[in-house]
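Colleague: only the shape, not the letters, is given here:
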């Protein structure tokens, strides 16, 4: 077994000019007041890998161009569609009108396990909250449902960029499995 | 739907004094030359959530106590068993003698998808490599197999702490599903 070279990995990836023609994962991630520039950059990088439909940065979430975002995004701010909206509630309302189900990644009294999402829940808006306070109570009440990652240890929560990675790759798996099954 | 309070979440978690009596996920993660203190701290925090058996920090991977590690570990350096070993090869050899399968999280010419790991692969040593250069060629040749996370976009790789989160929660799911099925 040997590691793939940089060139071999590159040949397996989409080229920038191919990316607009490819069907994206029907998920829009909405960041509500995510504070850390490095978390925002990391979320961009992960979103490129999952071929996310779009990132919406809201509230005081910082947006590109920022040196610190680029440090962890590694260029993904150029390949992931994104927009800034001051009001997350307005962004979510518009997505709902466009047929999206609204879901928060948050520990609530009704959240379902992150791997229980079903194909009929897509297209999906996934709301991520602030590093300390999470998703705001106001935005949670407007959600159709919440998802949560099981925590087996002593700590309360995961880092938001790590939790996003775990959730979005599970959603990607659920959606792509469904897409393949309906194409055959 | 409402957010759980800090106290409600706390009641769902293990207490520090309970943690030694609980069966852990039979995975040892071995970090080879991970450079970033923040990544190391984040990997500790995720390892607490997955109830990892142990972290082994090797080579120039920094170890606790370090202020920057604590910033992202949020106390998990006290709840996740860990040790420092200069040589990752020696650490891996010892794990192999103790019945562990050895696996790297790396893009190789033979890596299997991260969700194809089977219950018989446990107990498992999961090797994570440096942020830029990945797992060393020497350590890769000593692995029984490699796992990889599918990359659908343009970028070559994920942040190591995010990739670890995705992989370890999938391994946790595979193992816990198997454990439940053999207990019933």
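Modeller: In hand now; what should we look at? It should be emphasised that the depicted structure is a prediction, and the values quoted were computed from it without experimental measurement.
Colleague: buried ones in the longest helix along chain A, by neighbour count?
Modeller: Taking DSSP state H as the assignment, the helix of chain A that covers the most residues is helix A:160-183. Residues of helix A:160-183 classed as buried: A:160-175 (neighbour count, 16 or more other C-beta atoms under 10 Å in any protein chain shown). Where you see a C-beta, it was placed from the backbone N, CA and C, and this is true even at glycine.
Colleague: out of those, who's nearest residue B:23?
Modeller: residue A:166 (21.7 Å; C-beta to C-beta).
Colleague: distance of the closest one from residue A:149?
Modeller: Computed as C-beta to C-beta, to the nearest Å, the residue A:166 to residue A:149 distance reads 6 Å.
Colleague: need the residues touching each of the two.
Modeller: Here residue A:166 and residue A:149 have A:114, A:158, B:169 as joint contacts, going by C-beta atoms under 8 Å, 6 or more residues apart in numbering or on different chains.
Colleague: so residue A:59 touches residue A:84, yeah?
Modeller: No. Residue A:59 lies out of contact with residue A:84 (C-beta atoms under 8 Å); the separation is 9.6 Å.
Colleague: could you check which of those two has the larger neighbour count?
Modeller: A count of neighbours by other C-beta atoms under 10 Å in any protein chain shown puts residue A:59 above the other of residue A:59 and residue A:84, at 19 against 15.
Colleague: which phi and psi does that one have?
Modeller: Residue A:59 adopts backbone torsions of phi 60, psi -130, taken as degrees, to the nearest 10.
Colleague: what of residue A:34?
Modeller: The phi/psi pair for residue A:34 (degrees, to the nearest 10) is phi -70, psi 130.
Colleague: distance-wise, check the spatially most central residue of chain A relative to residue A:168.
Modeller: Nearest to the mean C-alpha position of chain A, counting by C-alpha atoms, centre = their mean, stands residue A:29 at 4.1 Å. Using C-beta to C-beta, residue A:29 is found at 7 Å from residue A:168.
Colleague: find residues that contact each of those two.
Modeller: Common neighbours of residue A:29 and residue A:168 (criterion: C-beta under 8 Å, 6+ apart): A:47, A:52, A:126.
Colleague: chain B next: which of these are close?
Modeller: Among those, the residues within reach of chain B (C-beta under 8 Å from any C-beta of the partner chain) are residue A:47.
Colleague: would you turn the shared contacts of residue A:29 and residue A:168 into a markdown table with neighbour count, secondary structure and pLDDT?
Modeller: Converted to a markdown table, the shared contacts of residue A:29 and residue A:168 look like this (neighbours: other C-beta atoms under 10 Å in any protein chain shown; DSSP: H, G, I helix; E, B strand; the rest coil; pLDDT from 0 to 100):
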| residue | neighbour count | secondary structure | pLDDT |
| --- | --- | --- | --- |
| A:47 | 29 | helix | 98 |
| A:52 | 28 | strand | 98 |
| A:126 | 23 | strand | 98 |
